[in-house]
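Colleague: task: produce atomic coordinates for the following.
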Amino acid sequence: MSELQRSPGSTQGPGGEWYEILLKEVEANAETCHHDDTIPSDDPTWGFSVFVTSYSPRVQERLPQALENRIRAHELWLEHYVSNPLFRDEVITRFKLDVVCDDSLEGASDDRIRAEFRAWMAGLGLMARGDESPPLVRVTMSPNPKENICLVLDEAGIAMLAGLTFARDLEGDLFRFESMNVRAIDCTWWRPAKVKSNDTWRGIGDLSIVGLAVLFEMIASPIRGYSEMGMVHDLHPLAGMPDY
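Modeller: You can find the predicted model right below:
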């Protein structure tokens, strides 16, 4: 079994299998208020926001197929690696991608996407200021990964996803999918006044198209601490499937 395939399917910690922890944290985030208001989000889903940065007619024509293929690929991965059928159905049902299309983002840089995402979250009132927020330098946001991490789909990413093929060899398909990446941006990262010479982390990484559930659980898990450099700093360099 490949290194990419080995870790997600059998990882068990004090809180149970990784997918059990994911669902527990989704429930906890839905019932907990991390912000100034007094009403919890009551959002039972997990996933990330996806910012589209290419708007040519050809690319926009392929976007629906790209998103459909991405969802299908991730559902196949979950069906294969979530061994408990009850948890499997819940994890798949609660999976949600929020797609942001705005042609003013054509060719937007990673820093621009990070700023747009922060502004969006602030507009929704999702900037935490209470004791619930994690101890991140200059960052006051909730520990909910979907409020802090976003994904980017550029022209190359859309073409890759739209061109996905699904063969009868499930393990072969999953092996291919695990090595296909899209950009992930950690919006809890801020550019330091003086970059340390030994730290190359800039708040971005390349995440496998089927690595969303593992990344979400790793960040949301209460047994995992937050680095002062941002939520995904400890996974740097992120290039594929997150590694426990």
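
Colleague: drop to CA atoms for contacts and neighbour counts, all remaining ones
Modeller: Noted.

Colleague: buried ones in the biggest helix by length in the chain?
Modeller: Ordering each helix of the chain by length in residues (DSSP state H) puts helix 57-81 first. Within helix 57-81, the residues that count as buried by 16 or more other CA atoms under 10 Å are 59-60, 62-63, 65-67, 69-71, 73-79.

Colleague: how far does it sit from its chain's centre?
Modeller: 15 Å (CA atoms, centre = their mean, to the nearest Å).

Colleague: please name the nearest non-neighbouring residue to residue 118.
Modeller: residue 187 (6.9 Å; CA to CA, 6 or more residues apart in numbering).

Colleague: next one: the next helix or strand after the longest helix of the chain to chain centre, how far?
Modeller: Next in sequence after helix 57-81, counting helices and strands by DSSP states H and E, comes helix 85-93. Offset of helix 85-93 from its chain centre (CA atoms, centre = their mean): 18 Å.

Colleague: who's in contact with helix 85-93?
Modeller: With CA atoms under 8 Å, 6 or more residues apart in numbering as the test, helix 85-93 has contacts from 19-20, 23, 75, 78-79, 82.

Colleague: try 6 Å
Modeller: Residues outside helix 85-93 that contact it (CA atoms under 6 Å, 6 or more residues apart in numbering) are residue 82.

Colleague: now do stretch 43-52, average pLDDT.
Modeller: Averaging pLDDT along stretch 43-52 gives 90.

Colleague: can I get the CA coordinates of that stretch in CSV?
Modeller: Extracted in CSV, the C-alpha atoms of stretch 43-52 (Å, rounded to 0.1, in the frame of the first residue of the first chain):
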residue,chain,number,x,y,z
ASP,A,43,-24.4,24.3,10.8
PRO,A,44,-24.1,20.5,10.7
THR,A,45,-21.8,20.4,7.7
TRP,A,46,-18.1,20.2,7.1
GLY,A,47,-16.0,21.3,4.2
PHE,A,48,-14.3,24.5,2.8
SER,A,49,-15.0,27.5,0.7
VAL,A,50,-13.7,27.3,-2.9
PHE,A,51,-12.6,30.5,-4.7
VAL,A,52,-12.6,30.4,-8.5
